[in-house]
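A.B. asks: Could you work out the structure for the sequence below:
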Amino acid sequence: MRGLFFKIFAIFWIAQSLIFIISTALIVQHRFPRPDVLMDSLSGFLRNEGRGSVDAFETGGCGSLKAFADTHKQIIALTDEAGSNLCPGMPELAGGNGNGTRFPDNIIGKQVGQQYVWNVPVTSSTSKNYVFLLAPPHAPPGHEPPPDLLRFAFPQLPVAIAVGGATTFVLVLLFTRPLVKLRKAARELAQGNLKTRVIEPASRPFFFRGDEFQALVHDFNHMAERLESLVGAQQLLLRDVSHELRSPLARLNVALELAREDTDPDTEIETHLGRIERETERLSKLIGQLLTLSSMEAMNQVNNFEPVVLDELIDQMIPDARYEAQQRRCTVSFQANAECVIRGNRELLYRAVENVLRNAIRYTAENSEVEIRLVAEPEERSRVAVLEISDRGPGIPESELRSIFQPFYRVDRARSAETGGFGVGLAIAERAVKLHHGEIRAYSRAGGGTTIRIQLPLVDGNDRQRQGLRTAKLVG
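C.D. replies: Sure, this is the predicted structure:
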């Protein structure tokens, strides 16, 4: 959103600044006369000034001419027809006495050193010829007078640009603030907080009432309410159905045991009863997973966090995993290059890692190895524990890597008992990892197979936490 804010702000401010600059240039252009009118005015001004200087000189001499020059900001001098300076104390703009300059017929402007000098021929009332010299005062480098555009535009133009920038900032802020709130609410909604709403102000200025942003906020809140209602109804249905199924399932187990007592073990009926028992156990496991998933979906956060050493947690489940792997004719290896201490719920973390590990054992090929790797890696502002569980199974298509964490999703659409579980274990793992502010993803492995990567934040001050854990173990 910051990028959109600055883009709109820059476009509006530059557009307003260009409008101010172009308008100022047009005003200056119309304010000053055309070049021919300007030259006529300048010629008349120079001739009037020349006659005034000659009258002052002939009336009072050099003293009167100097007093006349002091009333002007320009540098003024007077020479005779030959170009000799008539008053030694006056500036020598023509280059000195006796330079043999011919009496000019018209007004001439020329560059003399670092000054531009106007030579104005003047004939006095006594028919004497003089040359009136006028030059602007010489400015040192870096102190030249500003152009006419800047003289006219200062300080109006900078003030106009500053006011335009302030009004543009307020305008863009009014546009982008609702979008920032919507984006924040959408992010929280995507993270599972279905109670998220965008706060609508109780009162707004009349100009902004009923605009598209207010309608968008209202529609977003209505969408969030609808999602919360639908998801809540789904979770309630799942939980109620799971609870209701447990009672007839328990009665079915009792009836199964009673039937076995009244049946000869060597008959064919015992085979059917064994089949019923196996399907009952599968149904019981499914109901247990559904209840677990339902309870975890209802959680927004877990409060009873404690320091958990992740590598020790995995060590505890390795014996059971290797025993199950023997049934699949595969092996399990575990490698950890650091002791990773995280804050979390030990039971939820155990269940999440166990579900991923059992899923890898179920799908890996015979005589292959399921690899578990635990490392600590740096992130932008902290360090994280990265747990990777890799198998050598048939792999998952790239288009379905994100979908496998959805409840009841199966890559094999046949959904037979021989090709996997119920599709709930990875959904439980994902929810448990998110409750610990972590991230779980699936990647295709080079050479075949799948890698599940779990990333969890490490606690701050790891060394102190580890020392406390070790001390507690020694005391125990």
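
A.B. asks: residue boundaries of the strands in this structure?
C.D. replies: Secondary structure of the chain by DSSP state E: the strands cover 75-80, 108-112, 115-123, 129-135, 306-309, 331-336, 341-344, 369-378, 383-390, 439-444, 450-457.

A.B. asks: Now do the longest one: which elements does it pack against?
C.D. replies: Using 3 or more CB pairs under 8 Å, 6 or more residues apart in numbering; DSSP states H and E as the contact criterion, the neighbours of strand 369-378 among helices and strands are helix 310-327, strand 331-336, helix 346-363, strand 383-390. All C-beta atoms are positioned from the backbone trio N, CA, C, and that covers glycine.

A.B. asks: contacts for that strand?
C.D. replies: Residues outside strand 369-378 that contact it (CB atoms under 8 Å, 6 or more residues apart in numbering): 310-311, 314, 318, 321, 325, 330-338, 340, 357, 360-361, 364, 383-392, 458.

A.B. asks: Can you go through those residues and name the buried ones?
C.D. replies: With burial judged by 16 or more other CB atoms under 10 Å, the buried subset of the contacts of strand 369-378 is 310-311, 314, 321, 325, 330, 332, 334, 336, 338, 340, 357, 360-361, 364, 383-392, 458.

A.B. asks: Nearest to residue 61, out of the strands of the chain?
C.D. replies: Residue 61 lies closest to strand 75-80 among the strands of the chain, at 11.0 Å (CB to CB).

A.B. asks: which parts of the closest one are buried?
C.D. replies: 75, 76, 77, 78, 79.

A.B. asks: from those, which single one is nearest residue 440?
C.D. replies: Residue 440 lies nearest to residue 75 out of the buried residues of strand 75-80, by CB to CB, at 85.1 Å.

A.B. asks: For the residue lying closest to the closest one once chain neighbours are set aside, the count of nearby residues, please.
C.D. replies: Distances taken as CB to CB, 6 or more residues apart in numbering place residue 135 nearest to residue 75, at 4.7 Å, with adjacent residues excluded. Neighbourhood size, residue 135 [other CB atoms under 10 Å]: 19.

A.B. asks: Mean confidence (pLDDT) on stretch 13-28, please.
C.D. replies: Stretch 13-28 shows a mean pLDDT of 71.

A.B. asks: The nearest residue to residue 164 once chain neighbours are set aside: what's it in contact with?
C.D. replies: Spatially, and ignoring its direct neighbours in sequence, residue 164 is nearest to residue 16 (3.7 Å; CB to CB, 6+ apart). With contact set as CB under 8 Å, 6+ apart, residue 16 has these partners: 161, 164, 165, 168.

A.B. asks: can you check residue 181 too?
C.D. replies: Residue 181 makes contact with 198, 199, 217, according to CB under 8 Å, 6+ apart.

A.B. asks: Residue 12 versus that one, what's the distance?
C.D. replies: 22 Å (CB to CB, to the nearest Å).

A.B. asks: do residue 173 as well
C.D. replies: 12 Å.

A.B. asks: Show me which of these two is the more surrounded one.
C.D. replies: Ranked by neighbour count (other CB under 10 Å), residue 173 and residue 12 place residue 12 first, with 18 against 13.

A.B. asks: so that one makes contact with residue 168?
C.D. replies: Yes - applying CB atoms under 8 Å as the test, residue 12 and residue 168 come out as touching, 4.2 Å apart.

A.B. asks: okay, how far is it across stretch 374-393, tip to tip?
C.D. replies: End-to-end distance of stretch 374-393: 21 Å, with CA to CA, to the nearest Å as the criterion.

A.B. asks: looking at this structure, which residue ends up farthest from its center?
C.D. replies: In the chain, the residue that sits farthest from the middle, by CA atoms, centre = their mean, is residue 126; the gap is 84.4 Å.

A.B. asks: where does the stretch 101-250 of the chain have low pLDDT?
C.D. replies: 101-103, 138-157, 201-211, 235, 238-239, 241-243 (pLDDT under 70).

A.B. asks: Can you give me the neighbour number for the closest residue to residue 92 other than its chain neighbours?
C.D. replies: Closest residue in space to residue 92, ignoring its immediate chain neighbours: residue 85 at 5.3 Å, by CB to CB, 6+ apart. Here the number of neighbours of residue 85 (other CB under 10 Å) works out to 22.

A.B. asks: how much space between residue 85 and residue 57?
C.D. replies: Residue 85 is 12 Å from residue 57, by CB to CB.

A.B. asks: so what's in contact with those two at the same time?
C.D. replies: residue 78.

A.B. asks: one step back: okay if I get the helices and strands packed on strand 369-378 as CSV plus distance to residue 247 and mean pLDDT?
C.D. replies: Putting the helices and strands packed on strand 369-378 into CSV (distance: least, CB to CB, whole Å; pLDDT from 0 to 100) gives the following:
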stretch, distance to residue 247, mean pLDDT
helix 310-327, 30, 91
strand 331-336, 38, 92
helix 346-363, 25, 89
strand 383-390, 37, 92
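
A.B. asks: Could you double-check that residue 277 sits in contact with residue 257?
C.D. replies: No - counting by CB under 8 Å, residue 277 does not reach residue 257; the two are 9.3 Å apart.

A.B. asks: higher neighbour count, those two?
C.D. replies: Regarding residue 277 and residue 257, a neighbour count based on other CB under 10 Å identifies residue 277 as having more, with 15 against 10.

A.B. asks: where along this structure do the helices fall?
C.D. replies: 2-31, 35-70, 148-153, 156-190, 212-261, 268-297, 310-327, 346-363, 425-435, 462-475 (DSSP state H).

A.B. asks: Next, the angle helix 268-297 makes with the fifth one.
C.D. replies: Right, the one you point to is helix 212-261. 150 degrees (axes from the mean of the first three to the mean of the last three CA atoms, to 10 degrees).

A.B. asks: list the helices and strands helix 212-261 packs on?
C.D. replies: helix 156-190, helix 268-297.

A.B. asks: distance between it and the chain's centre?
C.D. replies: Remark: helix 212-261 is offset 38 Å from the chain centroid, using CA atoms, centre = their mean, to the nearest Å.

A.B. asks: cool, and the fourth one?
C.D. replies: Relative to the centre of its chain, helix 156-190 is centred 15 Å away, using CA atoms, centre = their mean.
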